[in-house]
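*Asks:* Starting from these lines, generate the structure:
(one chain, ligands or ions: 1)
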Amino acid sequence: MIDLMQKIVSFTKRRGFIFPSSEIYGGFGSCYDFGSLGVEMKNNIKRAWWDEMIKKHDDIVGLDSSILMSPKVWEASGHLTAGFADELVECKKCHHRFRKDFLKKGKCPDCGGELTKARKFNLMMKTFVGPVENEAAVTYLRAETCQGIYLNFKNVLQSMRKKIPFGIAQIGKAFRNEINPRNFVYRTREFEQMEMQWFCQPKEAPKIFNYWKKERINWYLNLGIKKSNLRAREVSKDELAHYAKRAVDIEYKFPFGWKEIEGIHNRGDWDLSNHSKHSGEDLKYEGYFPHIIETSVGVDRSLFAFLCDAYTEIRGGRTKTTKAAKEVEILLNLNKSLAPIKVAVLPLVKNKPKLVKKAKDVYQMLKPQFRCQYDEVSSIGRRYRRQDEIGTIFTLTVDFESLEQNDLTIRDRDTMEQERVKIEDLIKILKKKLNEQ
Ligand code: ATP
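*Replies:* Numbering: from 1, shown residues only. Take a look at the predicted model:
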């Protein structure tokens, strides 16, 4: 399984999904850059989530709050006190540091050395605002996006003329000085979150919690995650965060085991009542503090789960027609809406100017409508393989018949079946196939 992990890391680099940050300087503290295909896929995930929240639900509106906020926010939220500190132990021999709750044995997992006693380590990333770097100028990069939502609860309620219950959705960067960033983009120090906070009457909260649990699981299944790789885990009372009344983790079966990709939390009135107390602003609604049900998912973490789920190796390849030695063929069967490239256009051969021109004309016609690639380099079989590897949904081939008939073939990534269609009908057909009509 670890082998699979290494394969995915090298695959994502080779095909332009994910690069290590600051690579020419030897990398930097578990930060990653998303390549040209990675950024498309990331945008697709964010769009799918945003549409799910804003288009599918009547009562959810969006927000984009700032990353830097008054440090008082983090006092009120509990992040600067024990609430947002992990227990850290250090190996006396190799000096590597670990989260205590991650250790199975009382020894260093790297060298077997003896460990120090645990001490609290705060995960907030500190910075300074303004020209003077003194205590008064200290603030923090946000560790979660939801605080900006609580601070704007009244602004949104009033400006959007909302009534309880309603939700606010936000996508944005968050930062945590993780002690043990590991497992590629699973745990990093800079990441992106998609969070929705649902404000409701206290008595409605348990029912709404169950509603969102079901909705969020279905979101992954509808986007193609295999049922056998997904589960919901009830978080036990002693594991619950200080603010939570109930929590369910949606977990994915990564190559390194079952791990959380999303948290669903019943936060009670913790957030609004604490911000009221600390700011002096009355954040009550009709005389009570609304309770909050939160759904919180990492963009990078879910992208990683979608990639792991779609990555398939086929020994000997899927076709017997190409002579090229094919030890292992890769197929990335991503869902249509998540695949970075939807359509590729290929001339059958590249040394026939008429074919090349026609294929390029088709490419130019499709480019404003779909994420598209044009490829004329190497044999047609190889080019199909290259597209299958990055999950391209349809590959179009312009052949000799196309010159006579003004048509081409559409090849389906998953079935490899080919269908001839007229070029004038192409946009309509592709939109229909991609559910974009
Ligand atoms: P963990 O126990 O894995 O540290 P958490 O329970 O602290 O996670 P939450 O605070 O509930 O995580 O954050 C919600 C979501 O944000 C997580 O489910 C995950 O998808 C994402 N997330 C949190 N921390 C990180 C990180 N360091 N790197 C990438 N994604 C993260």
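*Asks:* Let's test this: what are the backbone torsions at the most centrally placed residue in the chain?
*Replies:* By Cα atoms, centre = their mean, the chain has its centre lying nearest to Val299, at 2.2 Å. In terms of degrees, to the nearest 10, the main-chain angles of Val299 are phi -70, psi -50.
*Asks:* since we're on whatever residue of the chain ends up closest to the ligand, how many residues are nearby?
*Replies:* Relative to the ligand, the nearest point of the chain is Gly298 (2.7 Å; Cβ to the nearest ligand atom). No exception for glycine: its C-beta is placed from N, CA and C like everyone else's. Applying other Cβ atoms under 10 Å, we find 23 residues neighbouring Gly298.
*Asks:* picking that back up, apart from its neighbours in sequence, what residue is nearest the residue nearest to the centre of the chain?
*Replies:* Glu192 (3.9 Å; Cβ to Cβ, 6 or more residues apart in numbering).
*Asks:* Identify the residues contacting the one you found.
*Replies:* By Cβ atoms under 8 Å, 6 or more residues apart in numbering, the contact set of Glu192 is Lys42, Lys46, Ile171, Gly172, Lys173, Ala174, Gly298, Val299, Asp300.
*Asks:* Start and end of stretch 17-24, how far apart?
*Replies:* Start-to-end span of stretch 17-24 (Cα to Cα, to the nearest Å) is 18 Å.
*Asks:* should've said stretch 247-266
*Replies:* Stretch 247-266: ends 6 Å apart by Cα to Cα.
*Asks:* how far out from the middle of the chain is it?
*Replies:* Relative to its chain's centre, stretch 247-266 lies at 13 Å (Cα atoms, centre = their mean, to the nearest Å).
*Asks:* swap in stretch 8-19?
*Replies:* Centroid separation for stretch 8-19 versus its chain: 16 Å, with Cα atoms, centre = their mean.
*Asks:* List the buried residues in that stretch.
*Replies:* By neighbour count with 16 or more other Cβ atoms under 10 Å, stretch 8-19 contains the buried residues Ile8, Phe11, Thr12, Lys13, Arg15, Gly16, Phe17, Ile18.
*Asks:* mind listing what's buried in stretch 177-190?
*Replies:* Neighbour counts over stretch 177-190 (16+ other Cβ under 10 Å) mark 177-181, 183-190 as buried.
*Asks:* before we move on, back to that, what pairs with the closest residue in space to the residue of the chain closest to the ligand that isn't next to it in sequence across the strands?
*Replies:* Closest residue to Gly298 in three dimensions, ignoring its sequence neighbours and counting by Cβ to Cβ, 6+ apart: Phe191, at 5.4 Å. Phe191 has the following beta-bridge partners by DSSP bridges: Ala174.
*Asks:* Who are the contact partners of Phe191?
*Replies:* Lys173, Ala174, Phe175, Arg176, Val185, Gly298, Val299, Asp300, Arg301.
*Asks:* Stretch 298-306 - what's its average pLDDT?
*Replies:* Average pLDDT, stretch 298-306: 98.
*Asks:* neighbouring contacts of it?
*Replies:* Contacts of stretch 298-306 (Cβ under 8 Å, 6+ apart): 32, 38, 41-42, 45-46, 171, 184-186, 188, 191-194, 220, 223-225, 229, 252, 254, 261-262, 334-335, 338.
*Asks:* now it: how far from the chain's centre is it?
*Replies:* 3 Å.
*Asks:* Get me the contact residues on this structure for the ligand.
*Replies:* 144, 176, 178, 187-188, 191, 193, 260-263, 296-298, 300-301 (Cβ under 6 Å from any ligand atom).
*Asks:* Among the contacts of Phe191, pick out the one closest to Val349, please.
*Replies:* Nearest to Val349, judged by Cβ to Cβ, of the contacts of Phe191 is Val185 at 39.3 Å.
*Asks:* Secondary structure element for the residue of the chain most remote from its centre, which one?
*Replies:* Ranked by distance from the centre of the chain (Cα atoms, centre = their mean), the top residue is Glu404, with 45.4 Å. Element membership of Glu404, judged by DSSP states H and E, is helix 400-405.
*Asks:* Could you list every helix and strand in contact with that helix?
*Replies:* helix 353-366, strand 418-422 (3 or more Cβ pairs under 8 Å, 6 or more residues apart in numbering; DSSP states H and E).
*Asks:* let's go with 7 Å and repeat that
*Replies:* helix 353-366 (3 or more Cβ pairs under 7 Å, 6 or more residues apart in numbering; DSSP states H and E).
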